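1. let's see this in three dimensions:
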Amino acid sequence: MKGYTKTLFPRQYLQGAGVISRLPHLIDKHGHLALAIISPPVYDKVVPLIQGTAECVFSKDNCTFAEINRLKALAVKYGADIIVGCGGGNTIDLSKAIANELGLPNIVCPTTAASDAP
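-> Coordinates of the predicted model:
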């Protein structure tokens, strides 16, 4: 991974009760098959929503170069054309890093109240 500075702003920002139910539509709008990195606490709630539009995986580690490379390889293996991150900070950071490395769109679904800006 090269050192760089990059600033991106979301094209769309959604917030509110039940907005997670729009995730399948957003995946279809921006791609065909997602690699979805999902935090264990929300896995059972998110997977049923996106079955058929995503290959769902857990992160095995924090946002390390090794974990980025492992998940990046899975995205390539599955033919993902969009990366989704649902969960806390590490999950969101991983999805952003992988999408950036592969040049793919990224959807983030933060599930914690933190300073993780979209």
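
2. show me the shaky parts of this structure.
-> 1-10, 113-118 (pLDDT under 70).

3. and with 80 instead?
-> For the chain, applying pLDDT under 80 flags the ranges 1-13, 60-61, 112-118.

4. where do the strands sit along the protein?
-> Assigned by DSSP state E, the chain shows strands spanning 34-38, 54-57, 82-87, 106-110.

5. strand partners (parallel or antiparallel) of the third one?
-> To tie it back to what came earlier, the one meant is strand 82-87. Strands that pair with strand 82-87, judged by DSSP bridges, come out as strand 34-38 (parallel), strand 106-110 (parallel).

6. pick the most buried one from those.
-> By mean neighbour count, with neighbours taken as mean count of other CB atoms under 10 Å, strand 34-38 ranks first of the strands paired with strand 82-87 at a mean of 27. Backbone N, C-alpha and C define where each C-beta goes, glycine included.

7. save the strands of the chain as CSV, and put in distance to residue 68 too.
-> Formatted as CSV, the strands of the chain follow (distance: least, CB to CB, whole Å):
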stretch, distance to residue 68
strand 34-38, 11
strand 54-57, 13
strand 82-87, 11
strand 106-110, 13
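
8. and of those, who's closest to residue 21?
-> Nearest to residue 21, of all those, is strand 106-110, at 11.3 Å by CB to CB.

9. and the closest one, C-alpha only, in CSV?
-> C-alpha atoms of strand 106-110 as CSV (Å, rounded to 0.1, in the frame of the first residue of the first chain):
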residue,chain,number,x,y,z
ASN,A,106,-18.0,1.8,-1.2
ILE,A,107,-21.1,1.8,1.0
VAL,A,108,-20.6,2.2,4.8
CYS,A,109,-23.2,1.4,7.4
PRO,A,110,-21.8,2.6,10.8
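
10. other residues contacting it?
-> 20, 23, 26-27, 30, 34, 46, 82-88, 92, 95-96, 99-100, 116, 118 (CB atoms under 8 Å, 6 or more residues apart in numbering).
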